[in-house]
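> Dropping the sequence and predicted coords here.
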Amino acid sequence: MVLDYKGSSDSYWWADQDQFKLVSHLHPYNDHGNKAWGNNPIYMTWFRNQLIYFSNVIAPSNWDTSLIFKGKQGELIQMLVPMSRSLIRQIVGIVTKQDLYFRCLVNPGDGSMKDYEQPNLMEAARLGNALCKDIVKNQFLDLKYADSIENGMVTGMGFMFVRWRTDKGAFFTKDMIGASHFKGDVAISVPTVWDVNFDPQIPNPKDWQWVQVREIHNRWDLIAQFPKLKQELLALPSVRQQQGWFNIQASMCPSDDDNVYIWNAFHKSSPALPEGRFIAYGSSTCILYDDINIYGELPVYVSRPEAIPNTGLGYPFYSNLLPLQEMYDTCLSSIATNNSSFGVQNIIAPRGSGINTQAILGMNWISYTPQPGVPNGGKPEALQLTQSAPETYKFSEMLKGLMMEISQVNSALRGDPPPQVSSGTAIATLTATAYETINATAKSSRQMLHEAVLGAINCYRRFASVPRSLNTSTGGQSYSREFEGKDLDSVKGVELQEVNPLMNTLPGRVEIAKDLINMGAVTNTKGYFAVLEGAPPEELYKNELSQEDLVNNENESLIKGEEIVAVNIDDHAYHIMMHSIPLNDPKVRLDKNLSGRFLEHIAEHNQLAHEMDPFFAAMIQTGKMPQGGPPPHMPPPGMEVPQRPQRAPQEPPGTPANVAKPAPDLVSKIGAR
């Protein structure tokens, strides 16, 4: 790759304080893709794969048909059947079937304190978990994740770009000149290989020292943010005017001149550039930002399902299917051309045979002069011109089978199990095996997703200096709270909660639902259908999670010396186990006041557990009335039933009424007279 600009050899060009020279070094890569990649065969592969992947919307040129007519008179039909694209889309759908759910990992700031000594850790974890949910929802991360996987399978590389946008978020204030300022927010995008520029000579993307990525911005929004650069921004060519790179759009729009490319170039911290560098530019004379790398890393995260050795490039999985797809289209086009040309039945008949051709419509009649010695005396025969060679059909079926075999999308995974397989467990096993094979290609994408979400959390931690609201939940209760970036200082990582591959298939979910019912883990209809619909695992043990939150809050309160109360509806065994964990630390045991509070509370749970009615405990655990109903002599605690007065038995009808006897004191008074 030879560039027009030649910098000095006695200094690192990224460290050059002359912005014009730096951008002049970077910019030639951006406007002319052939200059950067022209001698690399992967550049041709990117074009070829994307053109064929979207050929059904790119290739047809007729308004009224999707068929392509070739030949001198359009007698040859080219029929495009996107079998390979369908398989890629199925793989993407299978890999991204699971709902995205992240848990934040926290640890003490300096590593010198135990978890029990930092009661804010649990609160930071809950805040981080709620923020992850908010990112997944508001950034449509599930759709962007699917797009990045699809890009990776077609071009060999998928990307996620995470950055802080000061022009996003809720309105904050206006400055002295009337410009609006916002609280800022995270923006996650999915650039393609046409939008990202890097050094392909470095094999591992983790070792890249710099990267640059382009974004489309409205030039008038930029002018409002950077009024001093108005003339430079107006001079930038529009997106439509720029040449090079992959662009298949041909439509016109009133805002064509409004959109421009802005490049964000990042250099991470290194010995030659200790604080890194971040420069945003539209051209060598239009520099929007130039300072240290405020992200502390390269905020462009890379996925390479398969690496090409000794390069930073990825091997496109779609290239495995491309030759088969092209030959499949050729076979089907050959059959389609034959059927289209000779689809109407042809009949031959000897001239002078006296057959009225008008009596039989819808056929092509071919007249001929009978010759002596013709078999059957010139009897009319049907010409089977539409019959294609059996080898063509066999070859097309073989190509189809090879595509499915290479893609690992078997019939069971597509909902059409083999005829001899009818058991739900067997079908689930077949689908799970295929899923695990396919899922192996998505490991790199999942790692990229982890890094992108952590990058988004770090953006909030670094740049969210203004309080903002966030919906969260604890103990089964939802509420809105305010937070700032410093509240996330103890969040050091995130993890994607994985599920069993069987949960990604309907037969597998049916089998798991049955097992959970037999185990007593699912006790109602809602839980059963939650399993069938692939609900995240936390929905299945929401009650256990609420108990966990409660115990963690109680442990924090005990450490702070706050009063807590045990009640008879608690899961006493679980509470006793969780409250005893802090006592495993010698420092807690040596602190008589602290250990005494824990032991006193544990004793309170123990007493309530001994006093608890087993019938009442069963209702709390299962949410159902135990079979046989409650014992009449053992009402639940606090629910004593008042005793009704006993009624005297009634005499049979016709029995004379008893005369009341006088009271004893009245008898004694009468006798005294």
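Yep, it's here.
> going forward, measure contacts between C-alpha atoms and count neighbours the same way
Noted.
> And the helices in the stretch 1-150 of the chain?
Assigned by DSSP state H, counting those that start in this stretch, the stretch 1-150 of the chain shows helices spanning 19-31, 33-37, 41-53, 55-58, 83-95, 120-138, 141-155.
> tell me the angle of the fifth one relative to helix 41-53?
Meaning helix 83-95. Between helix 83-95 and helix 41-53, the angle comes out at 100 degrees (axes from the mean of the first three to the mean of the last three C-alpha atoms, to 10 degrees).
> now helix 83-95 and helix 141-155, what's the angle there?
Using the same axes, to 10 degrees, helix 83-95 lies at 140 degrees relative to helix 141-155.
> Let me know the average pLDDT across helix 83-95.
The average pLDDT within helix 83-95 is 87.
> Just the C-alpha atoms of it, please, in PDB.
Output in PDB follows, covering the C-alpha atoms of helix 83-95 (Å, rounded to 0.1, in the frame of the first residue of the first chain):
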ATOM      1  CA  MET A  83     -30.700 -21.000  -0.900                       C
ATOM      2  CA  SER A  84     -27.400 -20.000   0.600                       C
ATOM      3  CA  ARG A  85     -28.700 -16.700   1.900                       C
ATOM      4  CA  SER A  86     -31.600 -18.500   3.500                       C
ATOM      5  CA  LEU A  87     -29.200 -20.800   5.300                       C
ATOM      6  CA  ILE A  88     -27.100 -17.900   6.500                       C
ATOM      7  CA  ARG A  89     -30.300 -16.200   7.800                       C
ATOM      8  CA  GLN A  90     -31.300 -19.400   9.600                       C
ATOM      9  CA  ILE A  91     -27.900 -19.600  11.300                       C
ATOM     10  CA  VAL A  92     -28.200 -16.000  12.400                       C
ATOM     11  CA  GLY A  93     -31.700 -16.700  13.700                       C
ATOM     12  CA  ILE A  94     -30.600 -19.800  15.600                       C
ATOM     13  CA  VAL A  95     -27.500 -18.100  17.200                       C
END
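> Buried residues, that helix. List them.
83-85, 87-92, 94-95 (16 or more other C-alpha atoms under 10 Å).
> Let's have these in JSON lines, adding distance to residue 322.
Below are the buried residues of helix 83-95 laid out as JSON lines (distance: C-alpha to C-alpha, whole Å):
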{"residue": "83", "distance to residue 322": "10"}
{"residue": "84", "distance to residue 322": "7"}
{"residue": "85", "distance to residue 322": "10"}
{"residue": "87", "distance to residue 322": "12"}
{"residue": "88", "distance to residue 322": "11"}
{"residue": "89", "distance to residue 322": "15"}
{"residue": "90", "distance to residue 322": "16"}
{"residue": "91", "distance to residue 322": "16"}
{"residue": "92", "distance to residue 322": "17"}
{"residue": "94", "distance to residue 322": "21"}
{"residue": "95", "distance to residue 322": "21"}
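> Considering the residues you listed, which is situated nearest to residue 161?
residue 92 (19.9 Å; C-alpha to C-alpha).
> For that closest one, give its distance to residue 451.
Noted for residue 92: a distance of 20 Å to residue 451, by C-alpha to C-alpha, to the nearest Å.
> same deal with residue 398?
From residue 398 across to residue 451, the span is 41 Å (C-alpha to C-alpha).
> And these two? Which one has more around it.
More neighbours surround residue 451 than the other of residue 398 and residue 451, with 21 against 13 (other C-alpha atoms under 10 Å).
> before we move on, what SS does the closest residue to the more buried one other than its chain neighbours have?
Leaving aside its sequence neighbours, residue 451 sits nearest to residue 301 (C-alpha to C-alpha, 6 or more residues apart in numbering; 6.8 Å). Put simply, residue 301 is strand when judged by DSSP: H, G, I helix; E, B strand; the rest coil.
> for residue 187, same thing?
Under three-state DSSP, residue 187 falls in the strand class.
> Contacts only, for it.
139, 162-165 (C-alpha atoms under 8 Å, 6 or more residues apart in numbering).
> would you list these in CSV and tack on pLDDT and distance to residue 330?
Putting the contacts of residue 187 into CSV (pLDDT from 0 to 100; distance: C-alpha to C-alpha, whole Å) gives the following:
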residue, pLDDT, distance to residue 330
139, 92, 42
162, 95, 43
163, 93, 46
164, 93, 49
165, 88, 49
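> Can you say which of the residues you listed are buried?
For the contacts of residue 187, buried by 16+ other C-alpha under 10 Å: 162-165.
> Among the residues you listed, which one lies nearest to residue 21?
residue 163 (25.3 Å).
> So the closest one sits against residue 459, correct?
Yes. Contact status for residue 163 versus residue 459: in contact at 7.1 Å, counting by C-alpha atoms under 8 Å.
> what do those two both touch?
By C-alpha under 8 Å, 6+ apart, residue 163 and residue 459 have these common neighbours: residue 186.
> Buried residues in the helix ranked longest in the chain, which are they?
If you go by DSSP state H, the chain has its longest helix at helix 318-342. Neighbour-count burial for helix 318-342, counted by 16+ other C-alpha under 10 Å, picks out 318-319, 321-322, 324-326, 328-338, 342.
> hang on, the earlier thing: dump the buried ones among the contacts of residue 187 into JSON lines; add secondary structure and distance to residue 213 as well.
Below are those laid out as JSON lines (DSSP: H, G, I helix; E, B strand; the rest coil; distance: C-alpha to C-alpha, whole Å):
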{"residue": "162", "secondary structure": "strand", "distance to residue 213": "11"}
{"residue": "163", "secondary structure": "strand", "distance to residue 213": "11"}
{"residue": "164", "secondary structure": "strand", "distance to residue 213": "14"}
{"residue": "165", "secondary structure": "strand", "distance to residue 213": "15"}
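> Now stretch 334-354: average pLDDT?
The average pLDDT for stretch 334-354 rounds to 68.
> right, I mislabeled it, should have said stretch 73-80
If you average the pLDDT over stretch 73-80, you get 81.
> Make residue 1 into 19 and carry on from there
I'll keep to 19 as the first residue from here, and by that count the last item is stretch 91-98.
> ends of that stretch, how far apart?
Distance between the boundary residues of stretch 91-98 (C-alpha to C-alpha) amounts to 20 Å.
> in it, what counts as buried?
For stretch 91-98, the neighbour count (16+ other C-alpha under 10 Å) marks 94-98 as buried.
> Next: stretch 301-309.
301-306.
> mind putting these in a markdown table, pLDDT and distance to residue 250 included?
Formatted as a markdown table, the buried residues of stretch 301-309 follow (pLDDT from 0 to 100; distance: C-alpha to C-alpha, whole Å):
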| residue | pLDDT | distance to residue 250 |
| --- | --- | --- |
| 301 | 91 | 8 |
| 302 | 90 | 10 |
| 303 | 91 | 7 |
| 304 | 93 | 5 |
| 305 | 94 | 9 |
| 306 | 94 | 10 |
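> Quick check: the two most widely separated of the residues you listed?
Taking C-alpha to C-alpha, no two of those sit farther apart than 302 and 306, at 10.5 Å.
> next structured bit after the host helix or strand of residue 615?
Using DSSP states H and E, residue 615 sits in helix 610-629. Note on helix 610-629: by DSSP H and E, the next helix or strand toward the C-terminus is helix 632-640.
> Quick check: buried residues in that next one?
By neighbour count on 16+ other C-alpha under 10 Å, the buried set for helix 632-640 is 633-635.
> nearest to residue 592, of the buried ones among the contacts of residue 205?
Nearest to residue 592 out of the buried ones among the contacts of residue 205 is residue 180 (C-alpha to C-alpha; 40.9 Å).
> Thanks a lot, catch you later.
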